[in-house]
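[1] Fold the following, please.
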Amino acid sequence: MKSYHRLMLVAGVSGMAALSIVTVGQSQTRPRPAAPAATPVQKVTPPIAVYWMSAQTQTGFGMPSMGGGGGGPDIGAMMRGMMGGGGPVKSLMLQLGSSQTNPGPQAEHLPPAALGAGASLPLWTPERVPPEPREPNQIPPDFEKPRGKLLIFWGCGERARPGQPVVIDFAEMAEGRMPAGLSALRGLDVRNMNPPSPSRNRTYGEWPNTRSRATVPSSGSLVGAHTIRGNYSPQIDFTLEEDQDFLGALNITTNAKAPAGHVNLGWNLVGNAQAYFASAIGGGEDETMVMWTSSDAPAAAFVAPDYMTPGDITRLVNSKALMGPATKTCAVPKEVIDAMPTGMVSLNAYGGEANFIYPPRPADPRITWNQQWAVKVRYRASTGGLLGQDMAAMMGGGGREGRRGQAQPPQQQQPGQPARPPRAPSAADILRGGILGGIPFPR
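    Numbering: from 1, shown residues only. All right, here's what the predicted structure looks like:
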């Protein structure tokens, strides 16, 4: 009987083992579900034509980055703006680039009537002129070493932060000695924006140009339908809405020196502006130039770029290199004012972008997206004045004899005197001709 039970027990265990083997074997040989098919990568061909519109609104004594019609800023309007009248100066730069060519390239922009600049803005194709050969730089034997210093400050606040200013001695740099603290300076680290150009596109047209003297009035508007047509690109049609118009006027509301020695700089908030940036440049004692920016970090960007991408604007606002869209005050430190008795302040407001591509992207990724044209509209507003001074009072004030910053007439060489050796370039000369690319500043 016991043997029978043992046999039944062994048989039961063997059966369970066999069942387990069969089950495991079935689970191992069961086919796995098929992996989902990879989503096809849509093929995209670049647009035949690329069109950029750069729209600027300027008030006060700013630093114009581009011409207001006819290739240059409207100086009369700028002067009226300095005195508080005449309205803002609005300007456009229109740039069309195409991969197509035509022996006689012609193109035009048909703007909405609200722009007030005429029914047609001709996009002139400049003649390609080969660059002239450059001669190697030769230093005159009697050339003196550069002289003067540049003091660099940054950040908003009543007092300058520790470690400021960074002092650049041009004479020491000419000898190969780098100033302490220079390595801490860095630019705003923005992505280069590459609009159409004669070197980037097979055919190129632009406005304003030497053949068109139209200007945009202060009441001009971009809202409405726009058409760009020509014989070297497909026709471009798009419409700008109310929130895609010129930025509003940017005005300095406070610019007074406080009893503590700093300057309280204030401005109005501009609708659709995404960031603000302030800078100042001026002269000090003994051939010293002074620069300051509102960047929270040491920034070598003495004059901010004209335009920035929305991604760069967001990143730089987060890092406090740019002031946010709700910021409307900034104190210029006392140490800056002490070192720069006479200075010019510049304030920029950066807007976003309006982008259009035709035709729209196909929903089916298996269909190639053959782009015909792409349009980018970018925006900025700017203003400026003398740091710590009321512009209207300055324009109405008389000259004081021996006033600081007043240009002195050059001394004439007397007959029979030996020619003077070339004067050593000062900090102002270096900045005027090099670093700032000729941007004006108080002498």
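[2] which residues pair with residue 280 across the strands?
    residue 292, residue 345 (DSSP bridges).
[3] Output stretch 201-219 as PDB, nothing but the C-alphas.
    Output in PDB follows, covering the C-alpha atoms of stretch 201-219 (Å, rounded to 0.1, in the frame of the first residue of the first chain):
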ATOM      1  CA  ASN A 201      21.800  84.400 -52.300                       C
ATOM      2  CA  ARG A 202      22.100  84.000 -56.100                       C
ATOM      3  CA  THR A 203      19.900  87.100 -56.500                       C
ATOM      4  CA  TYR A 204      19.300  89.800 -53.900                       C
ATOM      5  CA  GLY A 205      17.100  92.900 -53.700                       C
ATOM      6  CA  GLU A 206      16.700  95.500 -50.900                       C
ATOM      7  CA  TRP A 207      14.900  98.600 -49.800                       C
ATOM      8  CA  PRO A 208      15.700 101.400 -48.900                       C
ATOM      9  CA  ASN A 209      18.200 102.000 -51.600                       C
ATOM     10  CA  THR A 210      19.700 104.900 -53.600                       C
ATOM     11  CA  ARG A 211      16.900 104.700 -56.100                       C
ATOM     12  CA  SER A 212      14.000 105.100 -53.600                       C
ATOM     13  CA  ARG A 213      13.700 108.100 -51.300                       C
ATOM     14  CA  ALA A 214      10.400 107.100 -49.700                       C
ATOM     15  CA  THR A 215      10.100 107.300 -45.900                       C
ATOM     16  CA  VAL A 216       7.700 105.700 -43.400                       C
ATOM     17  CA  PRO A 217       5.700 108.300 -41.500                       C
ATOM     18  CA  SER A 218       5.400 108.100 -37.700                       C
ATOM     19  CA  SER A 219       1.800 107.000 -38.200                       C
END
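[4] Okay, buried residues for that stretch please.
    By 16 or more other CB atoms under 10 Å, the buried positions in stretch 201-219 come out as 201, 203-209, 212, 214-216, 218. Quick note: C-beta positions are derived from backbone N, CA and C, even for glycine.
[5] Which pair in these has the greatest spatial separation?
    203 and 218 (33.3 Å; CB to CB).
[6] shaky segments in the chain?
    1-37, 62-86, 135-145, 174-175, 179-187, 285, 300-303, 390-443 (pLDDT under 70).
[7] quick one: the helices in it?
    2-29, 75-82, 170-174, 310-318, 334-339, 391-396, 427-430 (DSSP state H).
[8] first vs last residue of stretch 194-210, how far apart are they?
    23 Å (CA to CA, to the nearest Å).
[9] swap in stretch 312-328?
    20 Å.
[10] Identify all contacting residues around that stretch.
    156, 188-191, 253, 266-269, 273-278, 294-297, 299, 308, 330, 350, 352 (CB atoms under 8 Å, 6 or more residues apart in numbering).
[11] What's the PyMOL line that selects buried ones from the residues you listed?
    Buried members of the contacts of stretch 312-328, defined by 16+ other CB under 10 Å, are picked up in PyMOL with:
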select buried, resi 156+188+190+267+273+274+275+276+277+278+294+295+296+297+299+308+330+350+352
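[12] Narrow the contacts of stretch 312-328 to those in strands?
    In this view, those that belong to strands under DSSP state E are 253, 266-267, 273-278, 330, 350, 352.
[13] quick check, nearest of those to residue 114?
    Nearest member of the ones in strands among the contacts of stretch 312-328 to residue 114, counting by CB to CB, is residue 352, at 20.7 Å.
[14] if I pick the closest one, what's in contact with it?
    272, 274, 310, 313, 378-379.
[15] so can I have a markdown table of these showing distance to residue 125?
    Compiled in a markdown table, these are given as follows (distance: CB to CB, whole Å):
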| residue | distance to residue 125 |
| --- | --- |
| 272 | 33 |
| 274 | 34 |
| 310 | 30 |
| 313 | 32 |
| 378 | 22 |
| 379 | 26 |
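[16] Filter the residues you listed down to the buried ones.
    Buried among these by 16+ other CB under 10 Å: 272, 274, 313, 378-379.
[17] before we move on, the earlier item: export the buried residues of stretch 201-219 to JSON lines and tack on distance to residue 55?
    Output for these, formatted as JSON lines (distance: CB to CB, whole Å):
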{"residue": "201", "distance to residue 55": "21"}
{"residue": "203", "distance to residue 55": "24"}
{"residue": "204", "distance to residue 55": "20"}
{"residue": "205", "distance to residue 55": "18"}
{"residue": "206", "distance to residue 55": "15"}
{"residue": "207", "distance to residue 55": "13"}
{"residue": "208", "distance to residue 55": "13"}
{"residue": "209", "distance to residue 55": "17"}
{"residue": "212", "distance to residue 55": "17"}
{"residue": "214", "distance to residue 55": "15"}
{"residue": "215", "distance to residue 55": "14"}
{"residue": "216", "distance to residue 55": "9"}
{"residue": "218", "distance to residue 55": "13"}
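[18] closest to residue 88 among those?
    Closest approach between the buried residues of stretch 201-219 and residue 88, by CB to CB: residue 218, at 5.3 Å.
[19] Name the nearest residue to the closest one, ignoring sequence neighbours.
    residue 87 (3.2 Å; CB to CB, 6 or more residues apart in numbering).
[20] ok, now residue 58?
    Nearest one to residue 58, counting by CB to CB, 6+ apart, is residue 89 at 4.5 Å.
[21] now do residue 57
    Nearest to residue 57 is residue 381, by CB to CB, 6+ apart, at 4.3 Å.
[22] residues in contact with that neighbour?
    So residue 381 contacts 56-59, 88, 247-250, 270, 273, 348-349, 351 (CB under 8 Å, 6+ apart).
[23] Pick out the most distant pair among those.
    Going by CB to CB, the pair spanning the contacts of residue 381 furthest: 59 and 351, at 15.1 Å.
[24] what's around residue 104, how many residues?
    Residue 104 is flanked by 7 other residues according to other CB atoms under 10 Å.
[25] same question but for residue 229, I mixed them up
    16.
[26] dump the residue contacts of it.
    107-108, 110, 235-236.
[27] Out of those, who's the most crowded?
    That'd be residue 107 among those, by other CB under 10 Å, with 27 neighbours.
[28] Quick check: that one vs residue 236, distance?
    Using CB to CB, to the nearest Å, one obtains 10 Å as the distance from residue 107 to residue 236.
[29] Touching both of those two, which residues are there?
    228-229.
[30] related to what we said a few turns ago, narrow the contacts of residue 381 to those in strands?
    Secondary structure assignment by DSSP E places 56-58, 273, 348-349, 351 of the contacts of residue 381 in strands.
[31] and which of those is nearest to residue 388?
    residue 348 (19.1 Å).
[32] Now do the contacts for the closest one.
    250, 276-278, 304, 380-382.
[33] on that earlier part again, would you turn the contacts of residue 229 into a markdown table with distance to residue 365?
    Compiled in a markdown table, those are given as follows (distance: CB to CB, whole Å):
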| residue | distance to residue 365 |
| --- | --- |
| 107 | 34 |
| 108 | 37 |
| 110 | 35 |
| 235 | 28 |
| 236 | 26 |
